[in-house]
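Student: Need coordinates for the following:
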Amino acid sequence: MSAAANRDERLQIMLEPEELRAVDDFRYKYRLPSRAAAVRELLKRGLSSAPTGQVDDHSRSQDFGVLGIANGSRFKEVDKSREEK
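Tutor: Here you go, the predicted structure:
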């Protein structure tokens, strides 16, 4: 069974025009067949390289922009030396 056959969940996000343009630029640069394929590829790349971190307790969804053009990500890297203790 293909991976596409198991895709029964929908994820809806809101993007600013510049963010959508960045997704489309990525899509066309790598000749991906759709925006959905581009977003899945970006998610895969991001999740495989995501740093360990912590979110500010007062963060809101709008604080996390794709291009850093929102209010600024409140995701902070955790000191790895403290994390290992």
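Student: The chain: helices as residue ranges?
Tutor: In the chain, the segments counted as helices under DSSP state H are 17-29, 35-49, 80-83.
Student: mind checking which of those is nearest Asp8?
Tutor: Closest approach to Asp8 among these is made by helix 35-49 (13.7 Å; Cβ to Cβ). From N, CA and C alone the C-beta is placed, and that goes for glycine too.
Student: for that closest one, what is the average pLDDT?
Tutor: Averaging pLDDT along helix 35-49 gives 91.
Student: elements contacting that helix?
Tutor: With contacts taken as 3 or more Cβ pairs under 8 Å, 6 or more residues apart in numbering; DSSP states H and E, helix 35-49 sits against helix 17-29.
Student: got the angle for the helix it packs on vs helix 35-49?
Tutor: Orientation note: helix 17-29 sits at an angle of 90 degrees relative to helix 35-49 (axes from the mean of the first three to the mean of the last three Cα atoms, to 10 degrees).
Student: Not counting helix 17-29 itself, show me its contacts.
Tutor: For helix 17-29, contacts defined as Cβ atoms under 8 Å, 6 or more residues apart in numbering pick out 15, 32, 34-35, 37-39, 41-42, 65-67, 69.
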